[in-house]
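Visitor: Just a sequence and a predicted model for now, questions to come.
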Amino acid sequence: MSVLTTPHRAYGGDTTLEEPMSAQPEEAPTAPAPAAAAQLLAQLRADRRADTWVPAFEQDWARALDDARHSYSLAPVHDVVRTWRARLAAPPAVDAFLAGGCDDSDGIDLDQVLGART
């Protein structure tokens, strides 16, 4: 049952209350903060995989900026930030899994999970 918050006046001042609607779906991801890419790059530079990850991030970022310029949409930029946040968050769990001596022979490529960089 919905929570009633505003008076309904469509039928002559009826006192029925309705819940206001939102144009934004509840499951919509929030946009990253404007400084998110700079913060993410700083985290990548501090990571032990910085030799390979920083150039890859910079390449993805440049491509996303170019796509955003052509499409007039910030979606490619937001996708890069979300993808790299996930990539940066995954290695500790992977390292713990491998350190635990578990069998990883049936593993899945990270690009299959997060999507390939194109």
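Guide: Received it, and whenever you're ready, just let me know what you need.
Visitor: tell me what the lengthiest helix in the chain is packed against?
Guide: As assigned by DSSP state H, the longest helix anywhere in the chain is helix 75-99. Here helix 75-99 touches helix 36-46, helix 50-71, helix 110-114, going by 3 or more CB pairs under 8 Å, 6 or more residues apart in numbering; DSSP states H and E. All C-beta spots, glycine's among them, are computed from the backbone N, C-alpha and C.
Visitor: Quick check: buried residues in the first one?
Guide: For helix 36-46, burial by neighbour count (16 or more other CB atoms under 10 Å) applies to Ala36, Ala37, Leu40, Leu41, Gln43, Leu44.
Visitor: residue contacts, the second one?
Guide: Going back to what we said before, that points to Ala37. For Ala37, the contact set (CB atoms under 8 Å, 6 or more residues apart in numbering) comprises Trp61, Val77, Val80, Val81.
Visitor: For the last one, the count of nearby residues, please.
Guide: If I follow you right, that is Val81. 21 (other CB atoms under 10 Å).
Visitor: So the closest residue to it other than its chain neighbours, which state does it fall into?
Guide: Of all residues not flanking Val81 in the chain, Pro32 sits nearest, at 4.4 Å (CB to CB, 6 or more residues apart in numbering). Following DSSP: H, G, I helix; E, B strand; the rest coil, the label given to Pro32 is coil.
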